[in-house]
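Undergrad: Need coordinates for the below:
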Amino acid sequence: MRKRTTQTQQAEAEKVIGAITTYKGDEHAFMKGCKVRIVAVLRNAARADYNPDAEDGYIKDEEYLHATGGVTAGDRIEVQPWVDKAGRFSWVTSDPKSTDLLMFEHLAK
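TA: Numbers count the residues shown, from 1 in each chain. Now for the predicted structure:
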């Protein structure tokens, strides 16, 4: 018999903001293989026609993110890398392409 999931469990499974994943790209060499925490989504920031002044260009609200289609291959993701020495996430952020994060590698073509 299959378990039913509650709305809360489903929301947790789809959580993006605050989720922890791994950076696997080459663009930010210092983070390769590093654990990172997602801070925000920069909508369409990896696209050539990116408009930094777009109203929905910086998304930190989980509900709004899901209501507008979630993360795409054209997005960049603001992340905080894990600092082993300090035992915490960095206060400095980086913005890798969504497809360079393990959580979103399925979006790559």
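Undergrad: how long is stretch 71-88 from one end to the other?
TA: 25 Å (CA to CA, to the nearest Å).
Undergrad: same thing with stretch 65-76?
TA: Start-to-end span of stretch 65-76 (CA to CA) is 13 Å.
Undergrad: Now do the buried residues in it.
TA: Leu65, Val71, Thr72, Gly74, Asp75, Arg76 (16 or more other CB atoms under 10 Å). Heads up, the C-betas are built off the backbone N, CA and C, glycines and all.
Undergrad: okay, those in JSON lines with distance to Leu102 and pLDDT next?
TA: As requested, these are exported to JSON lines (distance: CB to CB, whole Å; pLDDT from 0 to 100):
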{"residue": "Leu65", "distance to Leu102": "18", "pLDDT": "96"}
{"residue": "Val71", "distance to Leu102": "13", "pLDDT": "97"}
{"residue": "Thr72", "distance to Leu102": "17", "pLDDT": "96"}
{"residue": "Gly74", "distance to Leu102": "18", "pLDDT": "96"}
{"residue": "Asp75", "distance to Leu102": "15", "pLDDT": "97"}
{"residue": "Arg76", "distance to Leu102": "16", "pLDDT": "97"}
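Undergrad: could you dump the residues you listed to JSON lines with secondary structure and distance to Asp100?
TA: Converted to JSON lines, these look like this (DSSP: H, G, I helix; E, B strand; the rest coil; distance: CB to CB, whole Å):
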{"residue": "Leu65", "secondary structure": "helix", "distance to Asp100": "18"}
{"residue": "Val71", "secondary structure": "coil", "distance to Asp100": "12"}
{"residue": "Thr72", "secondary structure": "coil", "distance to Asp100": "14"}
{"residue": "Gly74", "secondary structure": "coil", "distance to Asp100": "13"}
{"residue": "Asp75", "secondary structure": "coil", "distance to Asp100": "11"}
{"residue": "Arg76", "secondary structure": "strand", "distance to Asp100": "9"}
